[in-house]
Structure formats: C-alpha cells, structure tokens
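Asker: my questions are about this predicted structure, shown below with the sequence.
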Amino acid sequence: MSARQAIQLNNVTKKFKKTTVIDEMNLQINEGEFLVLLGPSGCGKSTMLRLIAGLEKANSGEILINGQDIKQDSYFANNFAMVFQDYALYPNMTVYQNLEYALKVHKVPKRERQTRLNKVLNMLNLTAYQDRLPGQLSGGQKQRVALGRGMVKKSNIFLLDEPLSNIDVQLREKARDEIKSMHDTSHQTIVYVTHDQLEAMSLGDRIAIMNNGVIQMIDTPNNIYNNPINLFVAEFVGVPQINTLTGEIIDGQVYFAGYSLIADYSRLNKLGLISGNIYIGIRPENIHVSEQPQNAASIPVIVDKIVDYGRYQELMLIIANGQLIKATTTNNQFVIEDNVYATLVDKKILLFNQQTKQNIEYSLEN
Amino acid sequence: MSARQAIQLNNVTKKFKKTTVIDEMNLQINEGEFLVLLGPSGCGKSTMLRLIAGLEKANSGEILINGQDIKQDSYFANNFAMVFQDYALYPNMTVYQNLEYALKVHKVPKRERQTRLNKVLNMLNLTAYQDRLPGQLSGGQKQRVALGRGMVKKSNIFLLDEPLSNIDVQLREKARDEIKSMHDTSHQTIVYVTHDQLEAMSLGDRIAIMNNGVIQMIDTPNNIYNNPINLFVAEFVGVPQINTLTGEIIDGQVYFAGYSLIADYSRLNKLGLISGNIYIGIRPENIHVSEQPQNAASIPVIVDKIVDYGRYQELMLIIANGQLIKATTTNNQFVIEDNVYATLVDKKILLFNQQTKQNIEYSLEN
Amino acid sequence: MPKSKISAWHLLLMLLSLMLLLPVVFMISNSFKTLQDSYHSMLQIMPSRITLVNYQTLAKQVHLLTIIWNTFFMATLVTLGKIITGLLSAYAFKYFSFTGKKWLYLIFVSTIFVPFTVVMIPNYLVISKINLLNTAFGVALPQLADATGIMLFLSAMDKIPVSLTETLQVDRIPAHKALRDVIMPIIRPSIISIGAIFFINSWNEYVWPTLILKDKNSFTLPLALQNYISNEGGTNFPLAMALSTITIMVPLLIYLVFQRYILNSISSSGLK
Amino acid sequence: MPKSKISAWHLLLMLLSLMLLLPVVFMISNSFKTLQDSYHSMLQIMPSRITLVNYQTLAKQVHLLTIIWNTFFMATLVTLGKIITGLLSAYAFKYFSFTGKKWLYLIFVSTIFVPFTVVMIPNYLVISKINLLNTAFGVALPQLADATGIMLFLSAMDKIPVSLTETLQVDRIPAHKALRDVIMPIIRPSIISIGAIFFINSWNEYVWPTLILKDKNSFTLPLALQNYISNEGGTNFPLAMALSTITIMVPLLIYLVFQRYILNSISSSGLK
C-alpha cells in the first residue's frame, strides 16, 4: 500500500439547517486502502460519503481528492464510482447499456468500450446476463453491475453506501467476498459505509467508528476490538456486547464486587491511580465459567438464563450484589440455577474513566 | 406449557394471483408457546402471520383460533395483538391515547381502562412518556407502546412481524429481552416473524423454518442447529455457514478428498449405504485446525485467508483438490500460507442425500 | 454542472413565468388607468397617472358587498359538499372491498373527461325541474359528485401506511370511528389544502353559475365581471380590470394563508 | 366489518356515480330521439323510437370533418407544446438549484388560482396584436406556460429514486442527455397519461377558443356545439345532443386506450 493520500478531509463541517452532522472532521485515506465507516444510524457516516462524492457541499473545511480540492471544476470526472444502497441501475437499460452509458456519453471510442466491458462482464460473471434489464436481476447481480459500472470507468475510488443491505442475509457472505476480491485484484481506494460490524471487521483495512458526526476511533479491526479508545467504541463493537461493570480502585487495586481483579501490579502502578470509581469492561468470551474457583479473583455467581446459539452458548450470570454479567462459551455444561464461578481473564480487562468514558490505558502503540 | 392449541392451521393454501405463497400448510401452536417463523425474504412467513390475523383470506383450508374458525363472525375481537414492523401507532394520539383507543371504542368503562393502562404503562416503563406523541419516541419506545397496546386489550395471542428491524442494531439486544420478559411474565402465545437467526435462536421455544411457502422443519433451536432435517435448514442456520462438501461412499465408508471421515462403523452400518455420492455438512466450529495431524482423517490444507472478528477468527482453508472450507477458532495462531491440518469432528458430521437434500440420519427422537 | 447550461434552463423558467404573470400585472395596472389612458396605452405597465375612478364607479354601479357575499356563500357550500362526498367516497374506495368496485372507479375517473359543455344542459334541466334556479344550492348540487376531489383524497390517503389501517382492522374499530378518529386527523393538512383548492376554483367558476344564476341579486363576482366584458374586450376596459382585481383578491389571500398546505398537497413533495 | 355498514358506503358510491353518469346517458339517449319525442319525454332514458335523423341533419348542416380536424389539430398542438414546456420546466425545478427557485415556483403555483375570466382579455389582446386570431397557434400559445402540467410532471419525477439522479451526477452526465436517456424513458407512462389528459382537456376546451376562433372555418367541436345551444337549453335540443355525443367520442376512445396509464398516473396507486 502506497502512502499517497487518495482522500483527505481537513476540518470539514456539514450542517443541515441547525444540526451539525459532521463536526470539524479530519481524515486521511491512503491510496488503495479499504476504509470502513461504521456507526449507528444518524451518526453522519452516509453524509461523509456524500460529501466526498460531491453530492453534498460542506459548510466549511476542504476535501482533497488526489491532492485536488473537489470544489475546483477541473476535478476529474471519472475518478469516482459510487454504489448506492439500491444500486441505482438505469432501469430502462440492459446490463450492457448500464455499464456502457457513461463511457458513451464521455466519448470513449466504441472498440475501447467493448474491450473494457467484455473484460469486466467476464470478471464479474455477468456475461450471461448482459442483455437483461435490472428488473430481471437478483440483488447480488445488481450489486455486481453497480460495481462493474465503476470498474469500466476505471475509477480508482469506490464509494459504497451500505451495498449489502438489500441482499438476502444468506447471500451477503458471498456478495461481501466479491467486493473483497475486487479490491484484492485491483487495489482501488474504497470507502465503505455500513452499520454492520461483522461486515466492517471482515472487510476493512481500517475502520473508522463514528458517533454524532465525530470519528471516535480509526484503526485496524483488531485494535478496535481489543484496544478501544473509549466506552462507546467498546460497547459498539462485539456481539454479545461487552460487559460494563462499575468497579472501584482502592489502594491502587481494582475491586469489583469485593474481589481484587488484576493481579499484575505493574500494570496498575503505571496508571498511577490510587482510588476512585471506574468502569470495568470485559467481553463475554473473556469470562471463564467453572464449577470451582480458578483463582482468588473468581466470583461466585448463579446461572440465570442460557441461550443456545448453536455455535456458542450465552450464559446470563447473577452476582451476589444483583448485577448481571454475560459470558459465552462453546461447550456449556451448566443448567439454570447452578452455582458456579466466573473468572475474568486478567489481561483482557479494560478500564474506563467514569467521567470521560476514555480507556485509561489506551495508547496508540498498543 | 399447556397442551391446548391456541392456533391451528389445517391445509391452508394462499395464492396471490397464480403464485402459491402458502402451500397446504399444517401447523399447531400451543397455548403460551413462543413460536418463531424464520426464513428468507419471500418465503411466505409474513403472509402466514397475516392469515392468522385475518388480514388475508386463505384460498383453501381452515384456521382455528382457540378451536374456533376465524371465518366465523363470532370470533372474539380482543383475541389478538399485532405488532407491525413500523409499529403502526396512531400518529395523532399520545401514548396514553394509543393504548386507550381500542378499549374506549369497545366501551370498556373508564375506571377499568385507567387501572389497566396504569399497570401496563408501569410495567413497560412508559409512564413518563404517556403524554408524548409517537413522533417524539425512539424506536424502542415505540415498540413498547405497540406491545402495550396488545397488553391492555388482554390479548392472549401476540403476532409480531419483524418488530426489531426498525431498531438500531445496538439496541436490539435490549428490545429483544423486553419481548422475552413480557412472555416470561404473562405467557401469551406469541408468533414471531423474523429473518434474523440470532433473534430466532434466542427467543423461540420452537422455530419453524420456512421456504417457498412450506415449513421445512419445526423444532427447538438446538435440534434445528444440530440435527437439521435437510440441507436448506443446515445452510440457512449458522454464521458462518455450514461447509457443504461433496463426498463419496465406498464400501460403506464416507470418503472426502481421499480421507475416510467417520471412524464409527456402527453409525454407517445403520444407514445401509454401500456406495454413491453424498453431501457432507460440517459447521466451521467443528473443524479443528492444528499444526500436526490429529488422526488418520486429518486433511492437509493451506491457510488462504484469515478474518479476525475479535471474539473468533475465521480461517479459509484450501484443500489439495482446490476445494475451500471455512473453520472458526477462538485463538488462532496461524498465518496465511501456513501448511496445517484440518480435522472434522467425527460426531458432528452431517450426511445429506445428493438428490433429495435430506439429512440421511435425521430422526425425530434425536 | 457547467454554468452556461444552468442559465439556459433558468431562462426558460423565467420566460414561462413571465408569460404566466404578465396578464395579471397588466390587469392590475389597467385597473388604475382612466378609460382614456387605457385606450391609448393599454400595454404600458405603469399607468401614467394612477386613478381610483374605476373602483369608485364600480362601487356605485353594483352592490359589491352582495355580490361578494353571494360568491362566498356559493363557494363555501360547494367546498363543504365536495369535501364531504369526496372524503367519504375516497374512504369507501380505499378501505372497503365490494363487488363492482373496479367498475365503479372506472366510471368515476372517466367522467373527468366528459366536457362540461356536454353535460351542462341535462344538469340545467334537472336543477330547473327541482326549482333550484337562482340558488347557491342549484350551483352546488351537480358538483357534489366530483371525481377529481375523490382522486385527490385518495392520493392523500395513499400516504397512510397500510399497517395503520390494518391495526384498526385487528382492533375491530368501526369504519366511521376509524375515519373520524384516525384517518381524518392524519390527512388534515390535505383536507385543508384540497378544501382551499375547491374554494378558489368555485370562487372563480363562471360557465355553470351563468346558467343557474339569472337573477342579478344572486350574481357572483365572475358573473358580474362578465357584464363589463363583451367578446371584443369590453366597452369599459379599465372598469372590467378593476372588478377582475377585486375578484382575485380572495383567492390570493387564501392561497397565501394556506400556501404551505397547498404546495405540499399539490406537488406532494415537489422540490427540496 | 358488518355487512350493513358496507352497504351504506356502497350506496353512497352508487348514488354519486349515478349523478355523474346520468347526464351522459341522458345526452346519448336524446340524440336518438326526434325533436318531438325529445320535447315530450326529455327525461325518458329509452327513446320510444330510435332515429338517426339528428345525425343526418348535422352532417348536412356543418362540415363535420373540417371541424373534427380543427379540433384534432388544435388539441395536438396544445398537447405537444404543453408536454415540452412542462417536461423541461419540471426537470429544471427538480434537478437544478439556482437563486430565486423557490420564488419562481411560488409564482407558478399561484397562477393556477388566477381565474381564467381575469386573464383572458389581456391574453386575447396579445394574440390579436401578433396576428394569431383564428389560428390553432393562437389558441395554443398562452397555454404553453401551464403550471398544472409542470406540477404533474414534477410529481411523476418524484417517483424516480434520488440515487438514480445522483448516479447521473457522479457520472457527470450532461443534463439534457440525462433527461433524454434516463429520466424520460423512466417516466414514459406518466408522459403518455399526462399527454392524454392534456389532449382530452384541450379537445373539450370552450371558453378560450371561442375568443380566438371567430371564423366558422376554424371552429372546433365545442364551438360548433355552442351554435346549437342557447342559454335556455337549445332551439333544437336533440341536434345538440347528437353533436355532443360526437364530441365525447374521441376523448372516450383515448381514455379507453390509455386507461391503464391514466389510472396509474392520476391516482398514482389509488386502489389495490
């Protein structure tokens, strides 16, 4: 991946009437990078994509594409391909005509058009469907045509707005793989908007998690999952959700429900916290449930509910103080009302400041 | 759970013009049961709910509610509550008025109305919002009002049509728990339509998997996952999807890629199959990946791709014959292009007839 | 989009709106000219001398207040009648299934294209037979069956989600209560705007009232206006323009007051 | 829903459709009566003796073919003109942003409510000044700026998903090509139906052509009809009814041919 920047946002702000949708946004996207914008609905992720595409105008700040300000008229017409949620194929044109139309209008010679189209139709397995109208295609085929429309234009930037949300759940995995393999082959810069974290985790080189018009964290899927910058990110990513518990620091030790959780003193010493309340974040798969206590920090709990998802089981555990925690396991042998012990995996415990909701130990190098 | 049947469909067929949407359907739903209708879009699950609600009329067959044919006019008006995907709250009425309206029209005395409403508003934590208009509520609150509308009517049958699909992904878990806890408290009969298998697995006492207007299988979540009746059910349930491999039976033994997979001869003898092609189904979590072969049936593979979902990792493995299989693990230590061994957990292997796509070993008692 | 292109489109719109506006400007301007001025410089926009003489003459010659009241009463009657029949019919078409519904609907729509010139004689004969000549009721009666109104209300009801009416059905709410308590409150903006359109159209109506209202005491504004206009352009042109100006005041006012509703309803979304 | 309730709604619709249909039935029936029959039993639906004498008389008295051709030519001209200006203006309003757009739109909509009686004199004067009296062009010209048409086309364009026009924008397709290659093909059914409505309305038009077309050779059907109708109901009533019947034939035919489109477009969804 080259370090050249394909897309650059400098202090971009976008307001709709009085609501600020994008707030002083700064963002660099490298050439050839697959960046996923992930966030809850209304977080501004689609607006950001539309700003980059020039479909919305920013109230302030600048957007550079390959170093050029998009407000300039010189800005190159064929730079972009945009794939909309509904694919936006021209309903009155066949698959072939859909792919050909922009080239024809921009006066690409006929022979050149044919060569490019045949190549792309072939690559996307659409040759057999080239004379069909969009109304006769399945969701997955439509998506491929929409991608193809960008590929024949030789666009080097693809903007995708929830491209899988109109495809049947069972076929999404396949459609996702097709996008991935297009990127693996041709190394376009891709900005991909989604609210589905599984999609984000499996596709993105980096993921930008947005909330309220602000990027909360932008990093690799792995860092986002294991080293979230704040409680929002920690709670947004991961199914089932991370357990957020209220803990206390006493004498430089982390206590929860009367148990001292973190044995590694050096880790706590680094923080320099002596006392105060904190949030403890622990993902359900990092809670081990056993019949006997595994160590001094094992907490006695009662199994309240068990949900079997087939591949794994989710245990709802009640602690003596009435708090509920969720744990997952892949080979549950307990039944409801069993008295068992929950052990939080020491190294996987995250600590958040109760006021700022920031991850106390967050560091970029991690 | 009593064995009385709340809802009964006998040979119900529904056609729209010439398309058969529900095909000779037979179904019994017990009183107090939580039944989930699960299937891909267009499988007829919503139509079935609408037939039960009397919003569509069947072309043939009969539908009994508490033993009474719904075509009779005598059929009791307050039997049902239906929660629509968009909640269908009356936009011109406050939360209180929304709950009260049907009672008022059906002349429930004012004092009685007040008592019932206060109880339900309380139970659903809506008292603080009772004077708001639906436009001022969040998706989750709207859903609670829609549920409440049924509860004040003292409906004993709730029909829910994808009630969570308009709620933000992050809040669905909570909304789901609310529906569950309503059912745990009041034991209504619930018919719940969804296309989301996680929802189905966590909510249903039983799940009916539909395809092309026919119930493929109706059973507990656990049986559906582990003992699917056919390939459709096996492939529909489970993320990532089950691996479907083409195998061969030679001399009463199951071969895949040259390896004999099932060591337990008695299991194979029972089938009485001597030779022929079959489909082998194996879920990704039942494939163990290791550096060294674990037994004689361990297949040498190359790691082609790794996707890290945080809680687990998905490995794409290529077998010598070019076939691709997916495996999941929770503590992956391999990297791309590693030469490793895949061992299919013997007991978890499913065998399907290549023509009928039926699970060869399926039995109801299992 | 290149600047030059936008200008071409812009120009077209400007031209069309000029074509639409010019007659109105022209009318107002001439109503403030003397007969002589108007004769000499009819197409001049600004009167060389502004005079109120035409309005004063009008006030002397006709019972302006009576005429305005007549117009108002007739328009109100027609509007209320059309709202009631339109709303009820649209509701029946939308939410009931009965045999022959499709045929009935086809008949309703087809009557939109029967020219008024063709049906006015039969209608006139009926109104005359039942002794409603020279009354506002006579004007209103044949308009109660109005297919356009039904279709406007139908398209307003189209925006109500199906799930809402199905909820009413599941809850066994009787049809008239559902209409009163849920459907009407939801489409209230449409009712207001369709009502305003009905009122303005009825206010401006000319051909049909000419047949029914023969008595000068029952005249409406457009009928009174006709007295000042001969086919060739009027014997006293500025006087006619003054009455025209008075005539469009009420529609203009209503349009301004309900503009928000009317715009929403007519082009139900139109521009951003 | 209780049976009795449905019947009440059903009855209302039957009554209204009767009110709508009766004048038409009445017209057709009288066109087949002799003058004497018609005089004695005007309101009797079935003629006691069916006669074609009225149609024969008509054929002798007027150049029917010329009149039909005049009507057809004028209606075609008006229809094409209104489609072109309406389509272009609606497109400009929908897909371009320019200063004053909102005001321009307000002007367009407001002119819908200016009564025709008020603008006809100024328009007449202009047409007469540019020597278009007695021509179909004179009839068509002031109608080219037609706000109703613009709004019909606007609402047709509303159904085009925004993502489609945004794709055109991202692909830098020039506006006129986008209109020709994508927008027009998509709204083709609406263009056909709006065109049919324009044509039928223009075919039926009476007041404005009366002013412009004075020469008998340029008469259209509704104008010719007027010659047989006095304000009191016609000197030869069955003759007028025969010409009326001829007049509605073409609109009826067009309605039947394009019925599917018209229904879709007018009540854009209407009933199931």
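Answerer: All right, it came through fine.
Asker: CA only for contacts and neighbour counts going forward, please
Answerer: OK.
Asker: helices or strands up against the longest helix belonging to chain C?
Answerer: Longest helix in chain C by number of residues, with DSSP state H as the criterion: helix C:64-95. Counting contacts by 3 or more Cα pairs under 8 Å, 6 or more residues apart in numbering or on different chains; DSSP states H and E, the secondary-structure elements packed against helix C:64-95 are helix C:136-140, helix C:147-157, helix C:188-204, helix C:221-227, helix D:3-31.
Asker: how about those helices in JSON lines, adding mean pLDDT, distance to chain B and mean neighbour count?
Answerer: JSON lines is the format used below for those (pLDDT from 0 to 100; distance: least, Cα to the nearest Cα, whole Å; neighbours: other Cα atoms under 10 Å in any protein chain shown):
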{"stretch": "helix C:136-140", "mean pLDDT": "93", "distance to chain B": "33", "mean neighbour count": "22"}
{"stretch": "helix C:147-157", "mean pLDDT": "86", "distance to chain B": "14", "mean neighbour count": "23"}
{"stretch": "helix C:188-204", "mean pLDDT": "89", "distance to chain B": "10", "mean neighbour count": "21"}
{"stretch": "helix C:221-227", "mean pLDDT": "85", "distance to chain B": "40", "mean neighbour count": "20"}
{"stretch": "helix D:3-31", "mean pLDDT": "80", "distance to chain B": "11", "mean neighbour count": "18"}
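Asker: what values do phi and psi take at residue A:301?
Answerer: For residue A:301, the backbone dihedrals are phi -140, psi 170 (criterion: degrees, to the nearest 10).
Asker: middle-most residue in chain C, spatially?
Answerer: When chain C is reduced to its mean C-alpha position, the closest residue under Cα atoms, centre = their mean turns out to be residue C:201, at 1.1 Å.
Asker: tell me the contacts of that one?
Answerer: Counting by Cα atoms under 8 Å, 6 or more residues apart in numbering or on different chains, residue C:201 touches D:113, D:115.
Asker: ok now the longest helix of chain C, how far from the chain's centre?
Answerer: Average the C-alpha atoms of helix C:64-95, do the same for its chain, and the two points are 10 Å apart (Cα atoms, centre = their mean, to the nearest Å).
Asker: avg pLDDT for it?
Answerer: Averaged across helix C:64-95, the pLDDT comes to 93.
Asker: and the helix or strand following that helix with helix D:3-31, angle?
Answerer: Once the chain leaves helix C:64-95, the next helix or strand it forms, by DSSP states H and E, is helix C:101-110. Relative orientation of helix C:101-110 and helix D:3-31, computed by axes from the mean of the first three to the mean of the last three Cα atoms, to 10 degrees: 50 degrees.
Asker: mind listing what's buried along helix C:101-110?
Answerer: Residues of helix C:101-110 classed as buried by neighbour count (16 or more other Cα atoms under 10 Å in any protein chain shown): C:101, C:104-105, C:107-110.
Asker: so which strand or helix has residue A:122?
Answerer: Taking DSSP H and E as the criterion, the element that holds residue A:122 is helix A:110-123.
Asker: for that helix, packing partners?
Answerer: With contacts defined as 3+ Cα pairs under 8 Å, 6+ apart, the packing partners of helix A:110-123 are helix A:95-105, helix A:139-152.
Asker: buried ones in that helix, by neighbour count?
Answerer: For helix A:110-123, the buried set under the neighbour-count rule, 16+ other Cα under 10 Å, comprises A:113, A:116-121.
Asker: with pLDDT added, can I get those in JSON lines?
Answerer: Formatted as JSON lines, the buried residues of helix A:110-123 follow (pLDDT from 0 to 100):
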{"residue": "A:113", "pLDDT": "95"}
{"residue": "A:116", "pLDDT": "94"}
{"residue": "A:117", "pLDDT": "96"}
{"residue": "A:118", "pLDDT": "95"}
{"residue": "A:119", "pLDDT": "94"}
{"residue": "A:120", "pLDDT": "93"}
{"residue": "A:121", "pLDDT": "95"}
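Asker: now the two most distant members of the residues you listed.
Answerer: Largest separation among the buried residues of helix A:110-123 by Cα to Cα: A:113 and A:121, giving 11.8 Å.
Asker: need the residues touching each of those two.
Answerer: Joint contacts of residue A:113 and residue A:121 (Cα under 8 Å, 6+ apart) do not exist.
Asker: pLDDT score for residue A:75?
Answerer: Confidence at residue A:75, expressed as pLDDT, is 48.
Asker: does chain D sit close to the one helix or strand residue C:248 maps to?
Answerer: Secondary structure assignment for residue C:248, by DSSP H and E: helix C:237-266. Yes: looking at helix C:237-266 against chain D by Cα under 8 Å from any Cα of the partner chain, the contacts come from C:241, C:244, C:248, C:251-252, C:255, C:263, C:266.
Asker: of these, keep whichever come out buried.
Answerer: Buried positions within those, assessed by neighbour count (16+ other Cα under 10 Å), are C:241, C:244, C:248, C:251-252, C:255, C:263, C:266.
Asker: who's in contact with the helix of greatest length in chain A?
Answerer: When chain A is scanned for its longest helix (criterion: DSSP H), the result is helix A:169-186. By Cα under 8 Å, 6+ apart, the residues outside helix A:169-186 that reach it are A:34, A:140, A:143, A:164, A:190, A:199, A:203, B:40, B:195, B:236.
Asker: now render those residues as CSV, adding pLDDT.
Answerer: Shown next, in CSV, are these (pLDDT from 0 to 100):
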residue, pLDDT
A:34, 97
A:140, 89
A:143, 92
A:164, 90
A:190, 96
A:199, 92
A:203, 94
B:40, 89
B:195, 90
B:236, 92
